[in-house]
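Undergrad: Pasted the sequence and its predicted model underneath.
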Amino acid sequence: MPPRRAQRGAVLFIALIVLVAMSLAGLALMRGVDTGSLIASNLAFKQSATAAGDEGIEAARIWLSANSGSTLYSDLPSSAYYSTMQTNVDLTGGDPTKPDFDWSTAVSLTPDTAGNQVSYVIQRLCELPGDPASVNCIRATGATSTQPSTHGAPTYGGYAISAPTGAFYRITARVAGPRNTVSFVQATVY
């Protein structure tokens, strides 16, 4: 019988290296799945916040319907209504050249079941307070208007579309949701 050769353990060393490599691959896979879940979750929060903004737009529209005429000729800060465009204020916080709007002065609705806090502000699209017929406003004008405007007159062909004269209103809703989600929704109403 030939003498036995001494074992050197090379296979054990290679097996340990393969085991470490497989463990690292498993960790990387888990981390990738976690990142994908986190991104999907953040998108769901953002979509929920944006959808909740519609509640603010609707609440502001109802407020405008209930308050019409000369009531809307001047600012009503307690109702977050402003009779001018406020072009010197940044509503979304994205313009470093203008001061940010103070959203603590806006009308806030009751938070929804998802935890979204909706606030809104209404701005009449006029340069100055007062009767829209006597101040420069963005409005629909046409054959039935009493005062033409160079801003936003819709036309088809060479003729203006027939519409009564009245100022447009910009409603901006800000939604602050879970995980520091912030969404803005704007609508222009007549």
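TA: Sure thing, it's come through.
Undergrad: ranges for the strands of the protein?
TA: Applying DSSP state E to the chain gives strands spanning 81-82, 107-108, 117-124, 155-156, 159-160, 169-177, 181-189.
Undergrad: I'd like to know which of those is closest to residue 65.
TA: The closest of the strands of the chain to residue 65 is strand 181-189. By CB to CB, the value is 9.5 Å. (Glycine included, C-beta is placed from N, CA and C.)
Undergrad: Now do that closest one, average pLDDT.
TA: The average pLDDT within strand 181-189 is 91.
Undergrad: what does that strand rub up against?
TA: 42, 45-46, 48-50, 52-54, 56-57, 61, 64, 91-92, 116, 125, 168-177 (CB atoms under 8 Å, 6 or more residues apart in numbering).
Undergrad: Next one, pLDDT for residue 18 please.
TA: 91.
Undergrad: what about it, neighbour count?
TA: Residue 18 has 10 neighbouring residues, counting by other CB atoms under 10 Å.
Undergrad: residue contacts, it?
TA: Contacts of residue 18 (CB under 8 Å, 6+ apart): none.
Undergrad: What's the separation between it and residue 25?
TA: Plainly put, residue 18 is 10 Å away from residue 25 if you go by CB to CB, to the nearest Å.
Undergrad: just the helices in this structure please.
TA: For the chain, the helices defined by DSSP state H occupy 10-66.
Undergrad: Low-confidence regions, it specifically.
TA: Along the chain, segments meeting pLDDT under 70 span 1-3, 6-7, 140-165.
Undergrad: ok, 50 please
TA: Counting by pLDDT under 50, the ranges of the chain that qualify are 143-150, 155-163.
Undergrad: just the buried members of the contacts of strand 181-189?
TA: The neighbour count (16 or more other CB atoms under 10 Å) marks 45-46, 48-50, 52-53, 56-57, 61, 64, 91, 116, 125, 168-177 as buried among the contacts of strand 181-189.
Undergrad: Fine by me, thanks again.
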